[in-house]
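Q: Need coordinates for the following:
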Amino acid sequence: MKKRVRLGFLVILSLILAGFHAEANDKTGFVDIREVMLNSAAGKKASDEIKKIYDKNKSLIQESETELKKLKDELEKQRAILTETALKDKESAYQKKFRDYQIQVKDANDDLQSRDQEISKVLIPEILKVVNDIGKKERYTMIIDVSAIPLAYHAKENDLTKKIIDEFNRTYKPKK
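A: Presented below is the predicted three-dimensional model:
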């Protein structure tokens with residue numbers, strides 16, 4: 001019985017020591033992929049494209065809002081003097097314009113979201129290639145994306161985001 005206890009103790013002790021040895025050789029890095037997307041040259045260019053689309057859509061939506069406000073004000077001013085049929089026609093026209101406006105806003109939002117997804121589909125795999133290359137080259141056990149996994153704490157000296165942005169800017173060539 002004592003031999004089994006000693007053997008069990010030795011097995012547990014060796015596992016613990018092996019764990020400590022593995023921890024000493026582990027190297028963990030951290031990256032914020034979202035920050036790489038926003039601060040890399042390709043990410044900034046993509047952001048500029050999205051901003052142009054946003055600004056264009058915003059001006060068109062503001063024109064529609066102005067037109068809707070004008071129609072509503074006219075309707076309210078003329079409500080007392082219009083016949084019931086004319087009032088219904090004006091209200092119907094206003095409702096149609098309002099539905100068109102809602103569709104316009106939804107389409108604009110869908111367009112922006114679609115463009116953002118397209119950009120992510122292109123850039124994220126390329127960024128991950130850079131992360132993998134750095135991980136292999138510098139012998140990291142793992143590199144964790146802090147934008148995808150919220151961490152209570154991580155050592156800032158192991159943050160590779162700036163290095164990955166620099167390497168991504170140096171190596172990324174957009175496909176035409």
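Q: who does the lengthiest helix in the chain touch, helix- and strand-wise?
A: The single longest helix within the chain, with elements called by DSSP state H, is helix 84-137. On a contact count with 3 or more Cβ pairs under 8 Å, 6 or more residues apart in numbering; DSSP states H and E, helix 84-137 meets strand 28-31, helix 33-39, helix 41-78, strand 142-145, helix 161-171. In short, each C-beta sits where N, CA and C put it, glycine included.
Q: give the contact list for H154.
A: Going by Cβ atoms under 8 Å, 6 or more residues apart in numbering, H154 touches 30, 144, 146.
Q: ok now do A93, which residues does it touch?
A: A93 is in contact with L71, counting by Cβ under 8 Å, 6+ apart.
Q: correction: D116
A: With Cβ under 8 Å, 6+ apart, D116 has these contacts: I50.
Q: shaky segments in the protein?
A: 1-25, 176 (pLDDT under 70).
Q: Tell me who's in contact with the spatially most central residue of it.
A: The residue lying closest to the centre of the chain (Cα atoms, centre = their mean) is R34, at 6.2 Å. Counting by Cβ under 8 Å, 6+ apart, R34 touches S147.
Q: Just give me the neighbour total for the residue lying closest to D26 once chain neighbours are set aside.
A: Spatial nearest neighbour of D26, chain neighbours left out: T141 (4.5 Å); criterion: Cβ to Cβ, 6 or more residues apart in numbering. For T141, the number of neighbouring residues by other Cβ atoms under 10 Å comes to 12.
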